[in-house]
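In: one predicted model, sequence on top.
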Amino acid sequence: MLDFLGTLQRTHMCGELRASDASGKVVLMGWINRRRDLGNLIFLDLRDRTGIAQVLITAEAGAELHKKAETLRSEYVIAVIGQCKLRDPGTVNKNIPTGEIEVVADEIRLLNDSKPLPISPADNDIANEEVRLKYRYLDLRRPEMHENVALRHRVTLAIREYLNSQGFYEIETPMMTRSTPEGARDYLVPSRVHAGKFYALPQSPQQFKQILMISGFDKYFQIARCFRDEDLRADRQPEFTQIDLEMTFARPDTVFAVVEGFLTAAWKTIGVDIQTPFPRMTYDEAIRLYGIDKPDLRLPAMADVKPAFTPEQLATLNIDPDLPIVAIVTPKVGELSRKERDDLKLLFGDRKEAKVFEDIKRLEKSFPDAVAKIREIAKPNPDDLLVVVAASKRSEVGSAAKTRQEAQAVYAAAGQFRLVLGQKFAAQHGAFARRDFRFLWVTDFPMFEWDESEGRWNAAHHPFTSPHEEDMPILESDPGAARSLAYDVVLNGTELGSGSIRIHRQDIQSSIFKALGMSPEEQQLRFGYFLEALQYGTPPHGGIALGLDRIVMILAGTNSLREVIPFPKTAKAVDLMMDAPTPVSEKQLKELGIAVVPKRDL
Ligand code: ASP
């Protein structure tokens, strides 16, 4: 028989009761986390958002109350009216903040019961993630999930407060808009009023924030939801949250200082002081030193060891003298066995662009001078693993642009291998286990990237990104070498965010659209309003967007975005709790003027 709450008021949160509350009357409300029945003594762990309090139902409380307590089960919702008392010294629990007290119940009201549970909020480890997502309301009751959600709140608030203190306005932009060119597929929303027409959910508020700069708002930010219909990966969500900002008259430095400021505030929420300013590195340096545009600085950079070899030695080794030769040092791996070296070869994989020398001792036998020089340049400690990556001699040498691409491929292969080694030997070098946050700015990204399948240049960041002033003359003649004013903020090998200084002149914007293969008609059709807006006194401006979900994930110390998004989708973009997406009724489709073609007929 359920009771009503009536006029009863909660006096304390369960997890906040302390010794100083002892000897007073308290009213607690919450869920039964666990119940232990010792016959004439029944213990209840009562849980709410703040934690757990121990409730005691003694025989002296009377047969009726005792009988009621016997019927209670996990996750029943109750109100307890009782006396807060100090526990006997022998029964104090030092592991929980309320461990010095207990509440002796005088009355219990059963506010709701619960069916037997598919998963228990009292368990820390629930292996089956599908069940967790289907019963997300139960999963979210777990203290661990409460902590993640609370952390997300604190981080978001800290960022908001910082940006407010710097004079930023938080401004909302529409969810129903038109396609934005961030490079992914759009989620579309059909219009009933304009049958056959569609809104797109924003991939980012990019154009709106630029318009806000044109409108003179000077400093904008938004904790913005973005939607991208991309091929799914474990660490991606179709909808995600960005800390999005834009500033008028900004140079990269201006943006960097703001981002460093709010990241400092975010990291303070976990009690960590991060070092600012963050180091900087151009994209070219990142590729040469790390073989990747998001370097993980926790392991040593790669070293260019070409000078260690004479031309004759390179010829004997069948190494291409015009492509990179780099050494990778992985600390503290020690001497490798034959089998381990064979495994390394397998890890490196079958690559046509590069080859690996994983047995340095063997190389040393034939080329002692070269290896001595390699050691001089790469400076490994005696117990470090040293491997060399180079390219086989090419059968034909193409244009400078082709050679540049081939060189990049060697750096990329070496960079990938450096990371694989880092993962494989994580236990030995220990660099990933420490709470070490190595931030970095990567600057001067290429303006364009070649799209092999489409046979044309794409914007490497997005088409509103300003070219580097110095590279304006080569935009058309050598697009592959043109740099942009785009930058990324990187942490321990993860990209946290990207941004750029934007194009603020209509003529340049139009020529970039042209370079991207857009005819004047197409430019008008897709961006006519924007090209027009640029002609009415647009100030120079720039900005950035950082992924909030990923930042909270790192701060929470988990490795899945789903742990820090209250209602995430699965890797197949399904909401298991609500069961979305679903078919809709014929009537709804008809109103929208939409007919669904079965997938097999597409
Ligand atoms: N809109 C960009 C993005 O979502 C970020 C920016 O350039 O500010 O990647």
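Out: In hand now; what should we look at?
In: for the one helix or strand E102 maps to, which strands pair with it and how are they oriented?
Out: Per DSSP states H and E: E102 is located in strand 101-112. Strand 101-112 sits in its sheet next to strand 51-57 (parallel), strand 77-86 (antiparallel), going by DSSP bridges.
In: can you list the residues of this structure near the ligand?
Out: Within the chain, the positions near the ligand by Cβ under 6 Å from any ligand atom are E182, S204, Q206, S498, G499, S500, G543, I544, A545. Using the backbone N, CA and C atoms, a C-beta is placed for each residue, glycine as well.
In: buried residues in stretch 410-424?
Out: Neighbour counts over stretch 410-424 (16 or more other Cβ atoms under 10 Å) mark 410-422, 424 as buried.
In: ok, now stretch 360-375?
Out: Across stretch 360-375, burial judged by 16+ other Cβ under 10 Å covers I360, L363, F367, A370, V371, K373, I374, R375.
In: same deal with stretch 93-109?
Out: By 16+ other Cβ under 10 Å, the buried positions in stretch 93-109 come out as P97, T98, G99, E100, I101, E102, V103, V104, A105, E107, I108, R109.
In: what does the pLDDT read for the second one?
Out: We note a pLDDT of 97 for T98 in this prediction.
In: which helix or strand contains the closest residue to the ligand within the stretch 201-350 of the chain?
Out: Closest contact between the stretch 201-350 of the chain and the ligand, by Cβ to the nearest ligand atom, is at S204 (3.4 Å). Taking DSSP H and E as the definition, one finds S204 inside no helix or strand.
In: pretty sure it contacts A545?
Out: Yes - S204 lies in contact with A545 (Cβ atoms under 8 Å); the separation is 6.0 Å.
In: those two: which is more packed in?
Out: Legend: neighbour count by other Cβ atoms under 10 Å for S204 and A545, higher for A545 (24 against 21).
In: the more buried one in helix, strand or coil?
Out: With DSSP: H, G, I helix; E, B strand; the rest coil as the basis, A545 sits in strand.
In: mind listing the strands the lengthiest strand in the chain pairs with, and their directions?
Out: Identified as the longest strand of the chain according to DSSP state E is strand 24-37. Neighbouring strands of strand 24-37 in its sheet, by DSSP bridges, are strand 42-48 (antiparallel), strand 77-86 (antiparallel).
In: residue contacts, the nearest residue to T282 once chain neighbours are set aside?
Out: Closest residue to T282 apart from its sequence neighbours, by Cβ to Cβ, 6 or more residues apart in numbering: D444 at 4.4 Å. Applying Cβ atoms under 8 Å, 6 or more residues apart in numbering, we find D444 in contact with T282, Y283, D284, H468, R483, S484, L485, A486, Y487.
In: I figured F262 was touching N164, is that so?
Out: No - with contact defined as Cβ under 8 Å, F262 does not count as touching N164 (10.4 Å).
In: between these two, which has more neighbouring residues?
Out: Between F262 and N164, F262 has the larger neighbour count (other Cβ under 10 Å), namely 24 against 12.
In: please report phi then psi for that one.
Out: Dihedral pair for F262: phi -80, psi -30, per degrees, to the nearest 10.
In: end to end on stretch 223-235, go ahead and measure it.
Out: The first and final residues of stretch 223-235 sit 20 Å from each other (Cα to Cα, to the nearest Å).
In: quick one: buried residues of it?
Out: Under 16+ other Cβ under 10 Å, the buried positions of stretch 223-235 are A224, R225, C226, F227, R228.
In: picking that back up, of the residues of the chain next to the ligand, which is the most crowded?
Out: Tallying neighbours with other Cβ under 10 Å puts G543 at the head of these, with 27 neighbours.
In: look up phi and psi at the residue nearest to that residue when sequence neighbours are not counted.
Out: Spatial nearest neighbour of G543, chain neighbours left out: E246 (3.5 Å); criterion: Cβ to Cβ, 6+ apart. Reported as degrees, to the nearest 10, the phi and psi values for E246 are phi -150, psi 140.
In: E246: neighbouring residues, count only.
Out: Number of residues near E246 (other Cβ under 10 Å) recorded here: 29.
In: for it, which residues make a bridge with it?
Out: When assigned by DSSP bridges, E246 has beta-bridge partners Y220, G543.
In: tell me the confidence at it?
Out: With respect to pLDDT, E246 has a value of 98.
In: thinking again about what came up before, just give me the closest of the buried residues of stretch 223-235 to A195.
Out: Set against A195, the nearest of the buried residues of stretch 223-235 by Cβ to Cβ is F227 (22.5 Å).
In: residue contacts, that closest one?
Out: Per Cβ under 8 Å, 6+ apart, neighbours of F227: D186, Y187, L201, P202, Q203, P238, E239.
In: overlap in contacts, S204 and A545.
Out: Jointly contacting S204 and A545 under the rule Cβ under 8 Å, 6+ apart are A224, C226, Q242, D244.
In: assumed the first one was part of a strand.
Out: If I follow you right, that is A224. Yes - read with three-state DSSP, A224 is one of the residues of a strand.
In: who's it bridged to?
Out: Judged by DSSP bridges, the bridge partners of A224 are Q242.
In: isn't it up against P205?
Out: Yes - at 5.2 Å, A224 and P205 qualify as touching, with contact defined as Cβ under 8 Å.
In: what is in contact with these two at once?
Out: With Cβ under 8 Å, 6+ apart as the test, A224 and P205 both reach T173, D244.
In: counting neighbours, what do you get for G24?
Out: Burial of G24 is recorded as 12 neighbouring residues (other Cβ under 10 Å).
In: nearest spatial neighbour of it, chain-adjacent residues omitted?
Out: Nearest non-adjacent residue to G24, counting by Cβ to Cβ, 6+ apart: C84, 5.5 Å away.
In: quick check, the one you found in contact with V103.
Out: Yes - using Cβ under 8 Å, C84 is in contact with V103, at 5.4 Å.
In: any idea how far the nearest residue to the residue of the stretch 201-350 of the chain closest to the ligand once chain neighbours are set aside is from D244?
Out: Nearest non-adjacent residue to S204, counting by Cβ to Cβ, 6+ apart: C226, 5.0 Å away. Separation of C226 from D244 (Cβ to Cβ, to the nearest Å): 8 Å.
In: common neighbours of those two, please.
Out: Contact criterion Cβ under 8 Å, 6+ apart; residues shared by C226 and D244: S204, P205, A545.
In: which residues in the stretch 151-300 of the chain form helices?
Out: Under the criterion DSSP state H, counting those that start in this stretch, the stretch 151-300 of the chain contains helices at 206-214, 252-268, 283-290.
In: got the contact list for the helix or strand following the shortest one?
Out: The reference is to helix 283-290. Per DSSP H and E, the first helix or strand lying C-terminal to helix 283-290 is strand 303-304. Defining contact as Cβ under 8 Å, 6+ apart, one finds that strand 303-304 is touched by R288, P324, I325, V326, A327, V329, I377, A378, K379.
In: what number of residues lie near E476?
Out: When neighbours are defined as other Cβ under 10 Å, E476 has 11 of them.
In: just curious, which of the contacts of strand 303-304 is nearest to L592?
Out: Of all these, L592 sits closest to R288, with 53.0 Å by Cβ to Cβ.
In: hang on, that closest one packs against A414?
Out: No - counting by Cβ under 8 Å, no contact exists between R288 and A414, whose distance comes to 10.0 Å.
In: give me the common contacts of the two.
Out: With Cβ under 8 Å, 6+ apart, R288 and A414 have common neighbours M302, P324.
In: can you tell me what sits against the helix or strand where R341 lies?
Out: Element membership for R341 (DSSP H and E) is helix 338-348. Contact with helix 338-348 is made by L336, V356, E358, D359, V387, A413, F417, V420, L421, K424, as judged by Cβ under 8 Å, 6+ apart.
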